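Q: Need coordinates for the below:
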Amino acid sequence: MTCNIPTMLTWLRILLIPVFVGVFYLPTDPQAFGAIPAHWVNVTATMIFAVAAFTDWLDGYLARRLNQTSAFGAFLDPVADKLMVAAALIVLVEFERVGAMIALIIIGREIAISALREWMAGEGQSSSVGVAMIGKVKTAVQMIAILFLLYWDKVGAFPTKTVGQVLIAIAAFLTLLSMAYYLQAALPKLKRK
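A: Take a look at the predicted model:
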């Protein structure tokens, strides 16, 4: 296992997952001893997710910049991303901020495309299902939506909750489009099998 700065940042992202989830289970009932205002739970969870999203960008940047890429890092990075997004979506479903169908679409696509990429890599065709622009746009919209849905409260007159719900619906649609794109790219190989 390679131990370098990008890989340590990826491990940090994984270690933040139980902290992120645990924040939502802190006592918020004003009658409870040591209760934390619900707003601060939202702010803290949003900040943890934002730090995790930033480390996702940072570890990739540093791996290229410092020439510290590794096969293990290439494996661990997308695993950490998918775990963090899945954890956020599950928490958001539990707190009724996201519909279960949207979470199922996004998480299901991640599992399906990861399996497809693994299979295509085994067939020596990994470049045909490499990250496409639609996947990048989907990820950006999804991350912004999750941040808004975690924060939940209005920012002045800005309806964070409503914008987050619209963006997560757009992200789910883009998720289906990107899955169709990757399946179409893999279709020639699938037909031969």
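
Q: how far away is the residue at minimal distance from the centre of the chain from Ala185?
A: The chain has Val85 as the residue nearest its centroid, 2.9 Å off, counting by CA atoms, centre = their mean. From Val85 across to Ala185, the span is 22 Å (CB to CB, to the nearest Å). For the C-beta atoms, the positions are set from N, CA and C on the backbone; glycine is no exception.

Q: Ala115 too?
A: Shown here: Ala115 relative to Ala185, a distance of 15 Å by CB to CB.

Q: Which one of the two is surrounded by more residues?
A: Ala185 (17 against 10; other CB atoms under 10 Å).

Q: Now name the helix or strand holding the more buried one.
A: Secondary-structure element containing Ala185, defined by DSSP states H and E: helix 160-192.

Q: Dihedrals phi and psi, the residue with the largest distance to the centre of the chain?
A: Computed with CA atoms, centre = their mean, the residue of the chain farthest from its C-alpha average is Gln31, at 34.4 Å. Backbone dihedrals for Gln31, given as degrees, to the nearest 10, come out at phi -80, psi -20.

Q: likewise Val155?
A: The main-chain torsion angles of Val155 are listed as degrees, to the nearest 10 and equal phi -110, psi 100.

Q: quick one, what contacts it?
A: Contacts of Val155 were listed using CB atoms under 8 Å, 6 or more residues apart in numbering, and none were found.

Q: pLDDT at it, what is it?
A: Here, the pLDDT recorded for Val155 equals 89.

Q: For it, list each beta-bridge partner.
A: In this structure, Val155 has beta-bridge partners Phe158, where bridges are defined by DSSP bridges.

Q: ok, it to Ala169 distance?
A: 20 Å.

Q: so how many other residues sit close to the residue nearest to Trp152 when sequence neighbours are not counted?
A: Of all residues beyond its chain neighbours, the one nearest Trp152 is Asn42 (5.1 Å), with distances taken as CB to CB, 6 or more residues apart in numbering. Look at Asn42: counted by other CB under 10 Å, it has 21 neighbours.

Q: ok, which stretches of this protein are helices?
A: Along the chain, the stretches classed as helices by DSSP state H are 5-23, 38-65, 71-94, 100-122, 133-151, 160-192.
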